[in-house]
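1. based on what follows, work out the 3D shape:
(chains A and B)
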Amino acid sequence: MKKLISMFALSAVIALPVFADDHKAKVGMITTLSGGGSGLGIDVRDGFLLALKGNNDIEVVIEDDQRKPDIAVQLADKMIQSEKVDILTGIIWSNLAMAVVPAAVNQGKIYLSPNAGPSALAGAGCHKNYFNVAWQNDNLHEAAGGYANSEGYKNSFIIAPNYPAGKDALTGYKRFYEGELAGEIYTKLGQKDYAAEIAQIRASGADSVFFFLPGGMGIGFMKQFAQSGIDLPVVGPAFSFDQGILQAVGAAAMGVKNTSQWSKDLNNVANVKFVADFQAEYGRLPSLYASQGYDTANLLASALRTTSVNDQDAFRKALKKADFASTRGSFSFDTNNHPIQDIYVREVIKEGDIFTNKIVATGLKDRSNAYVSECKM
Amino acid sequence: MSISLFLEQVLNGLQFGVMLFLMSAGLTLVFGVMGLINLAHGSLYMIGAFAAAAIASWTGSFWLGLVASLMAAGIAGVIVEIVIIRRLYKRDHLDQVLATFALILLFSEAMRWIFGAFPLFLDVPEILSGTLSLPLGIEYSKYRMMIIVVGILIAVGLFSLISKTRLGVRIRAGESDREMIAALGVDISKLYTLVFALGAALAGLAGAMVGAIQSVEVGMGEPVLILAFVVIVIGGIGSIKGALVGAILVGLTDTLGRFLLPSFFKIFLNPSSATDIGSALSSMMIYILMAAVLIWKPSGLFGNNSK
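-> Below you'll find the model as predicted:
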């Protein structure tokens, strides 16, 4: 199922013809396009391709990892060995990133992460060829912890799936949250029924609930929680409240606070253009994943404008400058190649018939991550 | 831990078990009667959920959605049986696995093509939203209670179908000797289509009922399919009674394991490693249960030893 997408369009090409080859690059995108969780990969892909519309210097090869680590590893091998790509990108899930990224960067490939940011790759396992354009996994949860303090929550019940990003989530929340824990549960990855966990929340005497259950897991949790009649404030990262799944959660999500580095209503030139272009191109509202794909492609294009991917030292320097107009406003890389950016608190609202988010506060200003000092590059 | 929390968890385990029963009843019949391994059973579960979500959002009625799920999955079952499955009965199990695995891929892509990659909305009906106050201060979801009741009614219905009716006699006869029942003049191919459609409709109903509290999305059937196979292996292949007992056992083991193991390890470990070990072990519990049952009874609790 190979889709080779070459972009030919008449546009203002920046480089002189004689340098043209130097500024070309081949990108391998491995992302989740079928089965559970495919909405995330599709948004990343669509955002990425939207940014490259009219750019004929970047050739993109896209493959579907089906959310399976073994398939992602095979695809990465194929892209490196037979497709001979210069840059890899696209992985959504942290367990897949852990399987692919270390090997790829050790073979001299550049990896730009549009989503997963496991702590292992931010601290001791950081690499000069690995750039995260989304967030370090803990970031959004840290902001949620900070928000819980500001709301005066003293006894949170926290819940996440048992996989690298789930551990990062609860660690991140606890790093900023100052109250007590009424309970802490790790669930099976992919679990959809939370009756047993919700019963424990009810019995725990908690005053608030923090959960990180991305994709379909969060839909199930929110609906069942609303059904349970427990009247506690819920806070979570944007991953359970993104544009793709909000419609499936429905009214159960109304008013819930969630933390995100991006929101559709961020008022900067790049974002206004992105939201309008995305809607025009695909006929739906973009999610944070789409914005991450879009930013990743724009970062790549910005580095290719000034240098060539064949000169890796210069190329890495150009990437690190982050000289592009991010949809999030201010964006720069810290020394471990992870973003420094604002994390916002959003609230789920209804606009017409569509459930969406609006920013209500800035959770953390210019947040980097907790692993910078562990990274020896 | 209070007694009401424990009882609530037992109800949750029962509800999960009943849902698994709806899923595994069809699987065990198809395996028992026709000797067919049907990996695409999870796709029928997904079709039921999608049909319910589509019809419920179109008409605004959850109940019409439930009817649609039965019909859509049943009709899909008939079509699949006549067009594809029928050719597989005489083949060996590897061919069946390959062909029905291909069906999973086909159905998943078809659903994505028709409905898109994003999850659909299906909510519980107004009348069943909220909770029911039970004795001992238990607050239990009305909707989950309905799943338990519907599941038990269907179990009773299936038992009487199989033990009391002519169709049931034929199904049991088909299970023990296919050639003989055909020789006696029973239209075996019609019987097979009927059994397959019945199993498919039950899977579709399970998908729709669960879809309202979980999420309706592509790929939702496969995790449940794996559990359904565990259930029929524990219960004994081909036995409806086995499927019921196995499903309730798996439901209770999984729910209570998730709930009790982490607290058990907290007695002698620090909280974070207790949570780690407890949640890791609880996700293995049903497989440990399956292994234990198979050591004790190699053909399952109600399996036919002569096979």
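2. where does chain B dip in pLDDT?
-> Within chain B, the ranges that satisfy pLDDT under 70 run B:1, B:304-307.
3. the helix ranked longest in it: which residues count as buried?
-> Assignment by DSSP state H gives helix B:3-34 as the longest helix of chain B. Across helix B:3-34, burial judged by 16 or more other CB atoms under 10 Å in any protein chain shown covers B:4-34. From N, CA and C alone the C-beta is placed, and that goes for glycine too.
4. and if you look at stretch A:143-153?
-> A:143, A:144, A:145, A:146, A:147, A:148, A:153.
5. for chain B, which segments count as helices?
-> Secondary structure of chain B (DSSP H): helices located at B:3-34, B:41-59, B:62-83, B:93-115, B:142-164, B:166-176, B:178-183, B:188-211, B:221-235, B:240-266, B:271-282, B:285-296.
6. turn those into a markdown table, columns for distance to residue A:190.
-> Compiled in a markdown table, those are given as follows (distance: least, CB to CB, whole Å):
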| stretch | distance to residue A:190 |
| --- | --- |
| helix B:3-34 | 15 |
| helix B:41-59 | 13 |
| helix B:62-83 | 22 |
| helix B:93-115 | 15 |
| helix B:142-164 | 20 |
| helix B:166-176 | 34 |
| helix B:178-183 | 38 |
| helix B:188-211 | 14 |
| helix B:221-235 | 6 |
| helix B:240-266 | 13 |
| helix B:271-282 | 13 |
| helix B:285-296 | 15 |
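7. what about residue A:276, how many neighbours?
-> By other CB atoms under 10 Å in any protein chain shown, 11 other residues sit near residue A:276.
8. residue B:89 and residue A:178, how far apart?
-> Relative to residue A:178, residue B:89 is positioned 65 Å away (criterion: CB to CB, to the nearest Å).
9. tell me the secondary structure at residue A:63.
-> strand (DSSP: H, G, I helix; E, B strand; the rest coil).
10. now do the same contact list for residue B:257.
-> For residue B:257, the contact set (CB atoms under 8 Å, 6 or more residues apart in numbering or on different chains) comprises B:281, B:282, B:285, B:286.
11. now residue A:185
-> A:157, A:158, A:159, A:160, A:197, A:200, B:262, B:275, B:279.
12. repeat that for residue B:280.
-> Per CB under 8 Å, 6+ apart, neighbours of residue B:280: residue A:162.
13. also residue B:301?
-> Counting by CB under 8 Å, 6+ apart, residue B:301 touches B:234, B:235, B:236, B:242, B:245, B:246, B:293.
14. most neighbours among these, which one is it?
-> Within the contacts of residue B:301, residue B:246 tops the neighbour count with 30 neighbours, counted by other CB under 10 Å.
15. find the nearest non-adjacent residue to that one, please.
-> residue B:235 (3.1 Å; CB to CB, 6 or more residues apart in numbering or on different chains).
16. shouldn't the one you found be in contact with residue B:302?
-> Yes: using CB atoms under 8 Å, residue B:235 makes contact with residue B:302 at a distance of 5.8 Å.
17. ok, residue A:232 - how many residues close by?
-> 18.
18. okay, it: pLDDT?
-> Predicted confidence (pLDDT) for residue A:232: 92.
19. same check, this time on the one 3 residues further on
-> For residue A:235, the pLDDT comes out at 93.
20. distance check, residue A:355 against residue A:214.
-> Per CB to CB, residue A:355 is found 17 Å from residue A:214.
21. show me what secondary structure element comes after the helix or strand encompassing residue A:259.
-> Using DSSP states H and E, residue A:259 maps to strand A:257-260. Next helix or strand after strand A:257-260 toward the C-terminus (DSSP H and E): helix A:269-282.
22. how far is the helix or strand following that next one from where the chain is centred?
-> Moving toward the C-terminus from helix A:269-282, the next helix or strand (DSSP H and E) is helix A:288-306. Centroid displacement of helix A:288-306 relative to its chain, using CA atoms, centre = their mean, to the nearest Å, is 13 Å.
23. stretch B:220-234 now?
-> 7 Å.
24. check whether that stretch comes near chain A.
-> Yes: remark: stretch B:220-234 sits within contact range of chain A at B:220, B:222, B:223, by CB under 8 Å from any CB of the partner chain.
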